[in-house]
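>>> What follows is a predicted structure for the sequence shown.
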Amino acid sequence: MPVPELAPDEVAQLLAEHPQWTLTREGKAITRSFQFADFSEAWGFMSRVALLAEAQDHHPEWFNVYAKVEVTLTTHDAGPSGGLSQRDVRLARAIDALV
Ligand code: H2B
């Protein structure tokens with residue numbers, strides 16, 4: 001089901017409220033890097049994010065190596081070919097509340 005893409009002022013508000021996230025993929029996604037003490041902490045974080053993602057039916061793209069986790073949020077169903085939506089705002093907010 002198509003989801004509305006964020007308007008430019010909504011993207012600006014997202015970045016202002018979540019300064020650790022940066023725009024990527026020509027403004028179609030946001031990304032944040034997390035550094036933990038070790039793999040166990042990183043995996044614990046990923047497990048908690050996975051539960052949030054399932055509850056929100058909105059799933060991150062991510063990369064993990066040992067204690068580092070890079071999270072990218074985008075909405076595949078937004079606009080004609082994917083982009084940012086309120087689903088990404090909601091998940092970014094929930095992830096930020098975890099750390
Ligand atoms: N996650 C992300 N990142 N984008 C989506 O468009 C998306 C999703 N769609 N998780 C969901 C699942 C969709 O396929 C279900 C059917 O609502």
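Happy to help now that I have it. Numbers count the residues shown, from 1 in each chain.
>>> Any residues of this protein in contact with the ligand? List them.
With the criterion set to C-beta under 6 Å from any ligand atom, the chain comes near the ligand through 57, 58, 59, 74, 75, 76, 77. Placement of C-beta: from N, CA and C, glycine included.
>>> Sitting in helices, which of these do you find?
Using DSSP state H, no member of the residues of the chain next to the ligand sits in helices.
>>> pLDDT and neighbour count added to those, as JSON lines?
Shown next, in JSON lines, are the residues of the chain next to the ligand (pLDDT from 0 to 100; neighbours: other C-beta atoms under 10 Å):
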{"residue": "57", "pLDDT": "98", "neighbour count": "7"}
{"residue": "58", "pLDDT": "98", "neighbour count": "21"}
{"residue": "59", "pLDDT": "98", "neighbour count": "15"}
{"residue": "74", "pLDDT": "98", "neighbour count": "20"}
{"residue": "75", "pLDDT": "98", "neighbour count": "22"}
{"residue": "76", "pLDDT": "97", "neighbour count": "13"}
{"residue": "77", "pLDDT": "96", "neighbour count": "12"}
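>>> how about the helices of this protein, start to end?
Applying DSSP H to the chain gives helices spanning 8-17, 39-56, 86-98.
>>> of all those, which lies closest to residue 31?
For the helices of the chain, proximity to residue 31 was assessed by C-beta to C-beta; helix 86-98 is nearest, at 10.2 Å.
>>> mind checking how far the closest one is from the chain centre?
Here the centre of helix 86-98 is set off from its chain's centre by 7 Å, with C-alpha atoms, centre = their mean, to the nearest Å.
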